[in-house]
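> From the sequence below, what's the structure:
(3 chains)
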Amino acid sequence: MRDLPEPADLLDWYDTHARKMPWRIGPAERASGHRPDPYRVWLSEIMLQQTTVAAVKDYFLRFTTLWPDVHALAAARDEDVMGAWAGLGYYARARNLLKCARVISEDLKGAFPDTLPELLKLPGIGPYTAAAISAIAFDRPETVVDGNVERVMARLFDEHTPLPASKPILTEHAARLTPTQRPGDYAQAVMDLGATICTPRNPACGICPWRIPCKACDMGTAAGLPKKTPKKPKPIRFGTVYIARRVDGAVLLERRPDKGLLGGMLGWPGSDWSENETPPHDTPIRAEWKTLPAEARHTFTHFHLRLTVKTALVPMDRTARVGDFLEQADFRPSDLPTVMRKAFDLMREG
DNA sequence: AAGACGTGGTT
DNA sequence: TAACCAAGTCT
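Numbering: from 1, shown residues only, chains lettered A, B, ... in the order given. This next block holds a predicted model:
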């Protein structure tokens, strides 16, 4: 009969191997009963959704410098927050981040809820993030289940049912293991284990603190778990964007509608994007358009995009049919979502 | 409830 | 290089 994994063994490992991150507090501080700032926990967890730690770090530092607390963020201008988020992806997160900040600042007087039901009411906070905030910021014994935890549980218990069907089973395993002692540290420890040792490929079972009780390690099946139902192939879509530069250096941009792809972000005016061919469309302003020799290629979650980029230099007095001119001094390419920045970079090169 | 929703790094 | 993957949420 195999022993169940011991949370204490994982916590011991965490005490010596925890990675330093800007949103974490040090072990000494933790030992003296301090908790991390809920605002920073919340912000980091939203940024970390489907996003790597490495990609988040600089954004987190920028956000906390610009907006040190939830009131500052709530008071920010939408376009400043969307611009600061540009490049991180999943832009609904940024829109919900602002909505959530304003609810907490105005309705809750700046106090983050500490319970699951209250947290789940807030925009952008789902089951994972609610548990993470409750556990990490308030040290409550909630169970976090992210991709790391799913993988660790699938291996610990050698679960071969493919995701997402197996999610309830894996969640149940995870809940059974969650300790009442140091639940916040434990939550981060399981995720750190998944990120550094129990990795998707080439798991380092030899140095794993849970090697002994791990059923998949025992069976030699760890590398192939968790199983996942195969994904659908991505279709290719085609479209055209128009980069108009006025003689004074201003550029023609539009603010995309809040719903849908790249919602709330700046972008070059252009056609819709569809499979097989670029849909019929009008140019955003009358000009002598030149087509760049290369197309901008970009891959989204569910399709590949090939963008034809057309450019023109337009005189001062010409009126745009779509979008607004942004003065050169107010235009930062870093405010653009990556696909739009790619189109811009293509123009600079060509 | 299955699909929409970004991006960059790794293999 | 194409596919896979990352601390998910919303509709």
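> from here on, contacts and neighbour counts on C-alpha atoms
Noted.
> what about the residue in the stretch 251-350 of chain A positioned nearest to DNA strand C, how many neighbours?
The minimum distance from the stretch 251-350 of chain A to DNA strand C, using CA to the nearest atom of the strand, falls at A:Thr301 (7.0 Å). Look at A:Thr301: counted by other CA atoms under 10 Å, it has 7 neighbours.
> Can you give me the buried ones in the helix or strand hosting A:Leu11?
Secondary-structure assignment from DSSP states H and E places A:Leu11 in helix A:7-17. Going by neighbour count (16 or more other CA atoms under 10 Å), the buried part of helix A:7-17 is A:7, A:10-11, A:13-14.
> Does anything pack onto it? Which helices or strands?
helix A:183-196 (3 or more CA pairs under 8 Å, 6 or more residues apart in numbering; DSSP states H and E).
> quick check: mean pLDDT across the helix it packs on?
The pLDDT scores in helix A:183-196 average 96.
> For the helix or strand following it, C-alpha coordinates in CSV please.
For helix A:183-196, the succeeding helix or strand toward the C-terminus, using DSSP H and E, is helix A:215-219. C-alpha atoms of helix A:215-219 as CSV (Å, rounded to 0.1, in the frame of the first residue of the first chain):
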residue,chain,number,x,y,z
LYS,A,215,2.1,6.5,-9.0
ALA,A,216,3.0,7.6,-12.5
CYS,A,217,6.7,7.8,-11.5
ASP,A,218,6.4,4.2,-10.2
MET,A,219,4.6,3.1,-13.4
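> Does anything pack onto whatever helix or strand comes next after helix A:215-219? Which helices or strands?
Going down the chain from helix A:215-219, the next helix or strand is strand A:236-246, by DSSP H and E. Counting by 3+ CA pairs under 8 Å, 6+ apart, the packing neighbours recorded for strand A:236-246 are strand A:251-255, strand A:274-275, strand A:304-314.
> Need the residues that contact stretch A:10-27.
For stretch A:10-27, the external contacting residues (CA atoms under 8 Å, 6 or more residues apart in numbering) are A:35-36, A:40-41, A:44, A:57, A:60-61, A:185-186, A:189-190, A:192, A:209-210.
> quick one: is the helix or strand of chain A with the lowest mean pLDDT near DNA strand C?
Lowest mean confidence among the helices and strands of chain A (mean pLDDT, DSSP states H and E): helix A:27-31, at a mean of 87. No. Using CA under 7 Å from any atom of the strand, helix A:27-31 stays clear of DNA strand C, coming no nearer than 14.5 Å.
> Same question for stretch A:333-350.
No. Stretch A:333-350 stays clear of DNA strand C (CA under 7 Å from any atom of the strand), getting no nearer than 13.7 Å.
> For that stretch, the averaged confidence score.
Stretch A:333-350 comes out at a mean pLDDT of 95.
> try stretch A:272-285
93.
> my guess is A:Ser140 meets A:Pro183, correct?
For residue A:140 the amino acid is Arg, not Ser. Yes. Using CA atoms under 8 Å, A:Arg140 makes contact with A:Pro183 at a distance of 6.2 Å.
> Same drill for these two, tell me which one is more crowded.
A:Pro183 (24 against 21).
> buried stuff in the helix or strand encompassing A:Arg348?
Taking DSSP H and E as the criterion, A:Arg348 maps to helix A:338-349. Judged by neighbour count (16+ other CA under 10 Å), helix A:338-349 contains these buried residues: A:338-344, A:346-347.
> and DNA strand B, which of these reach it?
Answer for these near DNA strand B (CA under 7 Å from any atom of the strand): A:338-339.
> In CSV, list the buried residues of helix A:338-349 along with distance to A:Thr240.
Shown next, in CSV, are the buried residues of helix A:338-349 (distance: CA to CA, whole Å):
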residue, distance to A:Thr240
A:Thr338, 16
A:Val339, 12
A:Met340, 11
A:Arg341, 14
A:Lys342, 13
A:Ala343, 10
A:Phe344, 13
A:Leu346, 13
A:Met347, 13
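> what's the closest of the buried residues of helix A:338-349 to A:Thr308?
A:Ala343 (8.5 Å; CA to CA).
> about what we covered before: highest neighbour count among the contacts of stretch A:10-27?
Most crowded among the contacts of stretch A:10-27, counting by other CA under 10 Å, is A:Tyr186 at 27 neighbours.
> And the pLDDT at the residue of the stretch 101-250 of chain A found nearest DNA strand B?
For the stretch 101-250 of chain A, the residue closest to DNA strand B is A:Arg201, as judged by CA to the nearest atom of the strand, at 6.7 Å. As predicted, A:Arg201 sits at a pLDDT of 92.
> Helices of the stretch 1-150 of chain A, residue ranges please.
A:7-17, A:27-31, A:38-48, A:53-66, A:70-75, A:78-85, A:92-102, A:116-120, A:127-138, A:147-156 (DSSP state H, counting those that start in this stretch).
> Distance to A:Met265 added to the ones you listed, as JSON lines?
Formatted as JSON lines, these follow (distance: least, CA to CA, whole Å):
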{"stretch": "helix A:7-17", "distance to A:Met265": "39"}
{"stretch": "helix A:27-31", "distance to A:Met265": "39"}
{"stretch": "helix A:38-48", "distance to A:Met265": "17"}
{"stretch": "helix A:53-66", "distance to A:Met265": "17"}
{"stretch": "helix A:70-75", "distance to A:Met265": "18"}
{"stretch": "helix A:78-85", "distance to A:Met265": "6"}
{"stretch": "helix A:92-102", "distance to A:Met265": "10"}
{"stretch": "helix A:116-120", "distance to A:Met265": "26"}
{"stretch": "helix A:127-138", "distance to A:Met265": "24"}
{"stretch": "helix A:147-156", "distance to A:Met265": "28"}
